[in-house]
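Asks: Task: produce atomic coordinates for the following.
(one chain, ligands or ions: 3)
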Amino acid sequence: MDMKLVFQDAAGFQTPLLVVFAVDASIGKDAEPLIALLTTSDSITNAAASLIASDEFKGTLGEQTILYGPSGLKAERLLIVGVGKAKTLSVDEIRKAAGTAVRWAKPRGIRQMAIAFPEDHALSDEHLDNLPCTLLSRALVEGAMLAERDWDTYKSDKDKKDRSIEGLTVVAPSAEESTTREIQLGFDEGRVVAEAQNFARSLVNEPSNILTPTELGRRAAAMCSTKGLKCEVYSTAKLQELKMGAFLAVAKGSVEPPAMVVMTYEPQLDKVKQLPKDAPVIGLVGKGITFDTGGISLKSAEGMEKMKYDMAGAAAMIGAMHAIADLKPSVKVIGIICSAENMPSGTAYKPGDVVTAMSGKTIEILNTDAEGRLVLADGLHYAKTLGCTHLIDAATLTGACVVALGMINAGLFTNDEDTYEHFSRAMRVSGEKFWRLPCTDDYRDMIKSQIADIQNTGGSRWGGATTAAMFLKEFAEDTPWVHLDIAGCAWNEEVKPWHPKGPSGVAVRSILEWVRTYSS
Ligand code: BES
Ligand code: ZN
Ligand code: ZN
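Replies: Ligands and ions are numbered 1, 2, ... in the order given. Sure, this is the predicted structure:
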């Protein structure tokens, strides 16, 4: 989709479809909706006046109404999209409303469209007051570009596939130079971020017969080479050399060899600006299980096909590196992908086995389906040996996290308050939802093993997301670390007006913003 930004009056913009957002400014739970269009254009407001007077349009988030041949506008159609209550309005609603507009247009064969940049109508309206222009602009572009994706790569019906939006123009008002600069900055960032997130989503969408660990390594390497990042892809021999006994144990049940991808971003600094000697080095570690059968502790057949998305943590890290390469923060970042296929076979690891991780810790395997933490254990330790001072991992790690939080919030665990503070700042920009769960040392006893240093599950269902985090914490040790359990949020199970079913690309935006908080 070709994205453009113009500064002019939206009413005079010639397009098959112009979109304007509408907020419900009513106060109180039972109050009648009070619709306000987020535009300063009187022509647009007039064109929609009788519709709004009809009380049919309530302004709820994702609600859509179309007007054909709106009078006084150059556009052929005017689409009004609700953003919900003014009181709770955030950039996230703008992201979703922009997506809704794109997904309204796509199946109707509309190729070109425009969105009126959201603005408050009169001086008395303050719906957007606390929402900076840059973030509004960025969210709008992200929402539109994310919504444009349909997962039809493997459909042969070309007619349907061709229904994509070719061009989208954001029509912003001509304003002071500082404002137009902010809008342009958000627009540019939005494109970079959405492209990266869509890249992650396209990896997650791939079936495991196509996206093997080797292929994941190839695609990461190809991305790095286009973006100018250093990339190394290793397999069994290197894992053996590094004594990654936990990672190797998971991999050995499959005929597909494992892949460990190491992507490095080095900031290009000029002579004036040197990074201090103790500057942070950020390590991103992703779980890349391209298919999780559970191994010898085999999963039941129902829903097992979903386990192709067990590499969504890895995809999030590859997506984040994609955006980092474009946005060039002043901080060194190393992305490590631990990819394998978890299979039952004559060569598979078994419950009761004891394996030795790269760090030297011994692990008793109680359940071969708790494989993600094993590959990450070696990935986290390796990141530290490469000099990482701050770690983050993302993984579709536990069903227990989905039981706890459902599919709205992903789980967040950390061993360091300051790092959590940085991540909270990141979430405010990304609009993604992570809910903090505990991983304090009083849970440590739950992963004590009778015969080894630790065991790979808590032994019962209780606190399953936390025991998994406790296991990872053994390998992060004192290094500040955040663990994101994205099992419930990596795949959209429901269709929404702004997205289809399929991969969400969750965590790309938050990880990117978290990294940027360390940029000097
Ligand atoms: N990949 C799964 C977790 C998962 C569940 C991801 C649902 C996405 C949706 C993980 O490897 C797993 O199987 N975890 C086990 C751990 C248990 C054996 C301690 C689980 O959650 O049941
Ligand atoms: Zn598993
Ligand atoms: Zn898994």
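Asks: which secondary element of this protein has the worst mean pLDDT?
Replies: helix 158-161 (a mean of 67; mean pLDDT, DSSP states H and E).
Asks: What's the first helix or strand after that helix?
Replies: strand 167-172 (DSSP states H and E).
Asks: Show the average pLDDT along that next one.
Replies: What strand 167-172 shows for mean pLDDT is 98.
Asks: Tell me the strands beside it, with direction?
Replies: Neighbouring strands of strand 167-172 in its sheet, by DSSP bridges, are strand 2-7 (parallel), strand 112-116 (parallel).
Asks: between those strands, which gets nearest to residue 25?
Replies: strand 112-116 (17.6 Å; CB to CB). Yep, even glycine has a C-beta here, placed from its N, CA and C like the rest.
Asks: Quick one: mean pLDDT over that closest one.
Replies: Here the average pLDDT along strand 112-116 is 98.
Asks: Point me to the residue of this structure nearest ligand 2.
Replies: Across the chain, the shortest distance to ligand 2 (CB to the ion) belongs to residue 369, at 3.7 Å.
Asks: could you dump the strands paired with strand 167-172 to TSV with mean neighbour count and distance to ligand 1?
Replies: Below are the strands paired with strand 167-172 laid out as TSV (neighbours: other CB atoms under 10 Å; distance: least, CB to the nearest ligand atom, whole Å):
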stretch	mean neighbour count	distance to ligand 1
strand 2-7	14	33
strand 112-116	23	34
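Asks: For those strands, could you give me TSV that also reports distance to residue 141?
Replies: Shown next, in TSV, are those (distance: least, CB to CB, whole Å):
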stretch	distance to residue 141
strand 2-7	6
strand 112-116	9
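Asks: closest one to residue 132 among the ones you listed?
Replies: strand 2-7 (16.5 Å).
Asks: Please state the offset of that closest one from the chain centre?
Replies: Relative to the centre of its chain, strand 2-7 is centred 24 Å away, using CA atoms, centre = their mean, to the nearest Å.
Asks: can you list contacts of it?
Replies: 13, 137, 141, 144-145, 166-175, 180, 183-184, 187, 191 (CB atoms under 8 Å, 6 or more residues apart in numbering).
Asks: Those also near ligand 1: which ones?
Replies: Residues of the contacts of strand 2-7 in contact with ligand 1 (CB under 6 Å from any ligand atom): none.
Asks: For ligand 3, give me its nearest residue in the stretch 151-300 of the chain.
Replies: Nearest residue of the stretch 151-300 of the chain to ligand 3: residue 292, at 3.7 Å (CB to the ion).
Asks: Show me what that residue is bridged to.
Replies: Where residue 292 sits in a bridge, its partners, by DSSP bridges, are residue 342.
Asks: Can you say which helix or strand has the residue nearest to the spatial centre of the chain in it?
Replies: The centre of the chain sits closest to residue 506, judged by CA atoms, centre = their mean, with a distance of 2.5 Å. In the assignment (DSSP H and E), residue 506 maps to no helix and no strand.
Asks: Likewise for residue 355?
Replies: Going by DSSP H and E, residue 355 is part of strand 354-356.
Asks: any idea how far that strand is from the chain center?
Replies: 33 Å.
Asks: Could you pull out the buried residues of that strand?
Replies: 355, 356 (16 or more other CB atoms under 10 Å).
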